[in-house]
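Chemist: Quick one: sequence plus predicted model below, questions after.
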Amino acid sequence: MLHIRDASQFMVGPDAGGRQSSEEALLRAMFAARKSVFVDLLKWDVPVLAGRYEVDQFDNPGAQYLILADRDGAHLASARLLPTVHPHILGSFYTCLCEQAPPQGPDIFEITRFCLDRRLRASERRQARDSLICALVDHALGHDLREYVAIAELNWLSQILAFGWECHPLGLPQMIDGRMLGAISIHIDAATPDRLAEAGIRPCRSLRIAALPGA
């Protein structure tokens, strides 16, 4: 597994050889895709490194990444997971979206930067989305995580609630910086994969998931 100690130094440093180089290439592709989606398309006011990569203060040694790639290693979709026992987006900036204190604990992670590559056609986007959702559930079950939290805009929030998993709002959506945002909690247990399948959410077995932890 690749260990990132400093995202900024990593992004501009030289490539290493062998297995580490392929993992670095995946991460570079993910950061570039995030810039294309969140900065170029959605016009978020977030940091951009070297004019190519969307990297912020939460891309630190505690961050974990799930990256979906095709057989050639090209980025298709990705998500960043942040431990809630350390500074994270919901607990640091958006506690106003929660009626009570934001959920925190060693078995609760925050899903952030859920990113679908802009090059994908509609059918490919659905396939990549569903595969990444299933990978998030598999990752939770494999690492004894019982809950995810997330922040989403209202249109995306309605989709998340319809995926079949046990999911509930943490508070009422609010208009923040021109966007209607809501916070949710997603409970994960052994029955979650079946619930997703019943809702039509299934992985594409031809796609590859890389799970890259920080240091």
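Modeler: Received it, and whenever you're ready, just let me know what you need. Numbers count the residues shown, from 1 in each chain.
Chemist: Residue ranges in the protein under the pLDDT threshold?
Modeler: Along the chain, segments meeting pLDDT under 70 span 1-21, 213-215.
Chemist: can you list the residues that contact the helix ranked longest in it?
Modeler: As assigned by DSSP state H, the longest helix anywhere in the chain is helix 122-142. With CB atoms under 8 Å, 6 or more residues apart in numbering as the test, helix 122-142 has contacts from 66, 68, 76-79, 81, 109, 111, 114, 116-117, 120, 145-146, 148, 163, 165, 188, 190, 192-193, 196, 200-204, 207, 209, 211. (C-beta placed from N, C-alpha, C; glycine too.)
Chemist: From those residues, list just the buried residues.
Modeler: Neighbour-count burial (16 or more other CB atoms under 10 Å) applied to those gives 66, 68, 76-79, 81, 109, 111, 114, 116-117, 145-146, 148, 163, 165, 188, 192-193, 196, 201, 203, 207, 209.
Chemist: out of the residues you listed, which are inside strands?
Modeler: 66, 68, 76-79, 81, 109, 111, 114, 116, 148, 209 (DSSP state E).
Chemist: CA atoms of stretch 177-192 as CSV?
Modeler: What follows is stretch 177-192, C-alpha atoms only, in CSV (Å, rounded to 0.1, in the frame of the first residue of the first chain):
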residue,chain,number,x,y,z
ASP,A,177,-22.7,29.7,0.1
GLY,A,178,-25.5,29.4,-2.5
ARG,A,179,-25.8,25.7,-2.2
MET,A,180,-28.6,23.7,-0.4
LEU,A,181,-26.6,21.2,1.7
GLY,A,182,-27.6,18.4,4.0
ALA,A,183,-25.7,16.0,6.3
ILE,A,184,-26.5,12.3,6.5
SER,A,185,-25.5,9.2,8.5
ILE,A,186,-25.2,5.8,6.7
HIS,A,187,-25.4,2.7,8.9
ILE,A,188,-23.4,-0.3,7.5
ASP,A,189,-23.9,-3.9,8.6
ALA,A,190,-23.8,-7.4,7.1
ALA,A,191,-27.3,-6.9,5.4
THR,A,192,-26.2,-3.7,3.6
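Chemist: Might you calculate how far it sits from the centre of the chain?
Modeler: 12 Å (CA atoms, centre = their mean, to the nearest Å).
Chemist: Likewise for stretch 108-120?
Modeler: 4 Å.
Chemist: same deal with stretch 149-157?
Modeler: Its chain's C-alpha centre and that of stretch 149-157 lie 12 Å apart, by CA atoms, centre = their mean.
Chemist: Which residues outside it are in contact with it?
Modeler: Outside stretch 149-157, the residues that reach it (CB under 8 Å, 6+ apart) are 84, 89-90, 94, 97, 102-103, 108-112, 114, 160, 170, 173, 179-186.
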